[in-house]
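Novice: give me a model of this one.
(2 chains)
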Protein chains: 2
Amino acid sequence: MARKKRYVLGMDLGGTKILAAVVDPKGRIQGEAKAKTRPQEGPQAVIERMAATARQAVREAGVKWEAVLGMGVGAPGPLNPETGIVHHTPNLPGWNEIPLASHLSKALHIPVLLENDVNLGTLGEHALGAGQGTRDMVGIFVGTGVGGGLILDGRLRSGYRHAAAEVGHMVVLAGGPVCGCGRQGCLEALASRTAIEREIRAGLAAGRESLISGLSKGGEPLTSGMLAEAFRRGDPLVTEVVSRAQWYLGLLTASIVNLIDPEMVVLGGGMVEALGEEFVSPIGQTARQYFIQQADADRVQIVAARLGDHAGVLGAAVLVWQRFEKHKGREGMGR
Amino acid sequence: MARKKRYVLGMDLGGTKILAAVVDPKGRIQGEAKAKTRPQEGPQAVIERMAATARQAVREAGVKWEAVLGMGVGAPGPLNPETGIVHHTPNLPGWNEIPLASHLSKALHIPVLLENDVNLGTLGEHALGAGQGTRDMVGIFVGTGVGGGLILDGRLRSGYRHAAAEVGHMVVLAGGPVCGCGRQGCLEALASRTAIEREIRAGLAAGRESLISGLSKGGEPLTSGMLAEAFRRGDPLVTEVVSRAQWYLGLLTASIVNLIDPEMVVLGGGMVEALGEEFVSPIGQTARQYFIQQADADRVQIVAARLGDHAGVLGAAVLVWQRFEKHKGREGMGR
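Specialist: Numbering: from 1, shown residues only, chains lettered A, B, ... in the order given. Predicted coordinates for the structure are as follows:
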């Protein structure tokens, strides 16, 4: 008798959009749906939209609802994966101690697991992307902020307080520039796209010429795409600022390697997607110079993420598969 | 029939002295021995002295050689715990790819396990000292250098290349002072006793007055004891320099917590032994300010080590007990 087909839902809740995907046991996306988050409408409206987006993804996949085993959801933290509660999140105003997993589970009648969004991006890259087959892997995602994830012994490390892998708030330059978190010298204050934009704007304000003036007309926010184009074309201001961010990212990578000694570091996020190896390779070079154990420095791989925007939903799906494997011995991807 | 008593040997190989202890299954030291390392005599002489010191500790303990199950040895790295080979070590000139574990095993006719000395200090504190009962713990030991150890899920994390927990070479001040490792801005270049001494000497050379001039006559090296005395008596130069080192140690502790999110951070080494809570408490305060997750910051304990000089030999003993438990199900301490 043929085994019944089974699927899981993966969802990524961001400040601007909601992504949902139906994923099969091999990690293949069978159908997707997308919606705007519209956080200003408040938690309840957003949660209803999340449920609707999940249903739409299942329709797109053409599978029966009964074949969906459960859903994994990535959300910005702080949150508690054990209780499924989002404590609060700066990107989603009004979210305060929201039992997101249980709301969604009631709406959809399937088990729902909650986890930090960047942790799930890392889990996705580990199970299905750049980190496949590694035992210990660190993910570093550079966007408007800098987030991370840790895979140790093949499993996501959430941490004692579910607060692990906040790589953006490791201090790289004591007493350095003020960070979005209010402290000083965090990596995020030195190497996020926000930090890069701040430096470039300061350069422009000081009268430096740059291709950026033409790319970002009327001072609209700089995208990774704009930065990548100016960087590729050798714009001096952008090259200086981005190279400096890469240097700090290299030092951070080395600090993490000197502490954890993982098999692989995966770099992702908008700048990596826009520039690929051009962005990652100098980071790897700086990092290896700063590895304290030099003899076998090349054994630690430092590579670009592969799953782009899909890392989060795929990681969310992997989380569910792993849970089902653990509890029921069903087949599924990852370990 | 009464169960036969069993013991293990723990040994700590340092640049100046060799310590050996016979430890019972409850972690109690039954006998000890000590010898000068005299590294200038070369590896073979040192290894023979290690074996002799082990035998002497067993005699001191008054136990029969047959009751000794095995020996754990902590040595400065880099080394490979799997092969028992010391690759090379700056403190022991001439040590180059020395199969230390197998030499000692042949000399003593017992199994010998090798591990990084600071890792074993951390393991000792975890099983028998400040970290008892914690699942995840980080050890930070401040001496002439700064070393560390990681306990995750109750086990020592050695790392993919056996290079984990090099906390002294995490970068805290990018582009900062040159470190003993040749790089810049490592914690060790900012907060080790060596760094503290360098700053104090610079202050003295610039004409600052300090109690240190009277304590260290003729420019002899500053000990933790001298620094502690001057600090306790409120010497302005020493207080400035030590407080600054504590600040950097606080930032490092926060960076580690923001990455790993452990249950406890244990601080040890000469300065901690000399000053206790006076040294640790400001570090904890700075660290907690820099925790990115503030709501439950107090759940992470930041405490002084308890085992002093014995952490290493006890950790070495724990390593052997853990291995025996794993392979033979014998009783023993730790998990």
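Novice: any idea how many residues pack against the closest residue to A:Thr83 other than its chain neighbours?
Specialist: Nearest residue to A:Thr83 in three dimensions, chain neighbours excluded: A:Pro99, at 7.3 Å (Cβ to Cβ, 6 or more residues apart in numbering or on different chains). Any C-beta I mention is one placed from the backbone N, CA and C, and that applies to glycine too. Counted by other Cβ atoms under 10 Å in any protein chain shown, the residues lying close to A:Pro99 total 16.
Novice: so what's A:Leu204 up against?
Specialist: Residues near A:Leu204 by Cβ atoms under 8 Å, 6 or more residues apart in numbering or on different chains: A:Ser210, A:Ile212, A:Ser213, A:Leu237.
Novice: give me the subset of these lying in helices.
Specialist: Mapping these onto helices (DSSP state H) picks out A:Ile212, A:Ser213, A:Leu237.
Novice: how close does the second one get to chain B?
Specialist: Pointing back at A:Ser213 there. Applying Cβ to the nearest Cβ, to the nearest Å, the value for A:Ser213 to chain B is 29 Å.
Novice: quick one: the helix or strand harbouring A:Trp321 near chain B?
Specialist: Using DSSP states H and E, A:Trp321 maps to helix A:311-328. No: with Cβ under 8 Å from any Cβ of the partner chain as the criterion, chain B is not reached by helix A:311-328; the gap is at least 15.6 Å.
Novice: how about that helix: buried residues?
Specialist: If you call a residue buried by 16 or more other Cβ atoms under 10 Å in any protein chain shown, then helix A:311-328 has these buried ones: A:311-325.
Novice: name the spans of chain A whose pLDDT lies under the cut-off.
Specialist: Residues of chain A meeting the criterion pLDDT under 70: A:1-5, A:327-335.
Novice: so the most centrally placed residue in it versus B:Pro93, what's the distance?
Specialist: Chain A has A:Val118 as the residue nearest its centroid, 3.4 Å off, counting by Cα atoms, centre = their mean. A:Val118 is 46 Å from B:Pro93, where distance means Cβ to Cβ, to the nearest Å.
Novice: before we move on, the earlier item: neighbour-wise, which one of the ones in helices among the contacts of A:Leu204 leads?
Specialist: Highest count within these by other Cβ under 10 Å belongs to A:Ile212, 22 neighbours.
Novice: and the helices in the stretch 1-150 of chain A?
Specialist: A:43-61, A:100-108, A:117-128 (DSSP state H, counting those that start in this stretch).
Novice: TSV for these, including distance to chain B?
Specialist: Compiled in TSV, the helices of the stretch 1-150 of chain A are given as follows (distance: least, Cβ to the nearest Cβ, whole Å):
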stretch	distance to chain B
helix A:43-61	19
helix A:100-108	17
helix A:117-128	11
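Novice: how about those in a markdown table, adding distance to B:Leu173?
Specialist: Below are the helices of the stretch 1-150 of chain A laid out as a markdown table (distance: least, Cβ to Cβ, whole Å):
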| stretch | distance to B:Leu173 |
| --- | --- |
| helix A:43-61 | 41 |
| helix A:100-108 | 40 |
| helix A:117-128 | 26 |
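Novice: tell me the most buried of these?
Specialist: Ranked by mean neighbour count, these are led by helix A:117-128 with a mean of 30 (mean count of other Cβ atoms under 10 Å in any protein chain shown).
Novice: centre of the chain to it, how far?
Specialist: Helix A:117-128 sits 7 Å away from the centroid of its parent chain (Cα atoms, centre = their mean, to the nearest Å).
Novice: now swap in stretch A:216-223 and tell me
Specialist: 24 Å.
Novice: gap between the two ends of that stretch?
Specialist: 9 Å (Cα to Cα, to the nearest Å).
Novice: what of stretch A:69-85?
Specialist: So stretch A:69-85: terminal residues 21 Å apart, Cα to Cα.
Novice: returning to what we had before: nearest residue to the residue nearest to the centre of chain A in space, please, no chain neighbours.
Specialist: Per Cβ to Cβ, 6+ apart, closest to A:Val118 is A:Gly147, 3.4 Å.
Novice: over to A:Ala254?
Specialist: A:Tyr290 (3.3 Å).
Novice: give the burial count for the closest residue to A:Gly15 other than its chain neighbours, as a bare number.
Specialist: Closest residue in space to A:Gly15, ignoring its immediate chain neighbours: A:Asn91 at 3.5 Å, by Cβ to Cβ, 6+ apart. The burial count assigned to A:Asn91 is 16, neighbours taken as other Cβ under 10 Å.
Novice: just checking, A:Asn91 touches A:Gly14?
Specialist: Yes: counting by Cβ atoms under 8 Å, A:Asn91 touches A:Gly14, with 7.4 Å between them.
Novice: between those two, what contacts are shared?
Specialist: A:Pro76.
Novice: burial measure for A:Thr134, as a count.
Specialist: 18.
Novice: give me every residue that touches A:Ile47.
Specialist: A:Ile98, A:Leu100, A:His103, A:Leu104, A:Ala107.
Novice: any chance of these in CSV with distance to A:Leu156 as columns?
Specialist: Converted to CSV, the contacts of A:Ile47 look like this (distance: Cβ to Cβ, whole Å):
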residue, distance to A:Leu156
A:Ile98, 22
A:Leu100, 18
A:His103, 23
A:Leu104, 20
A:Ala107, 25
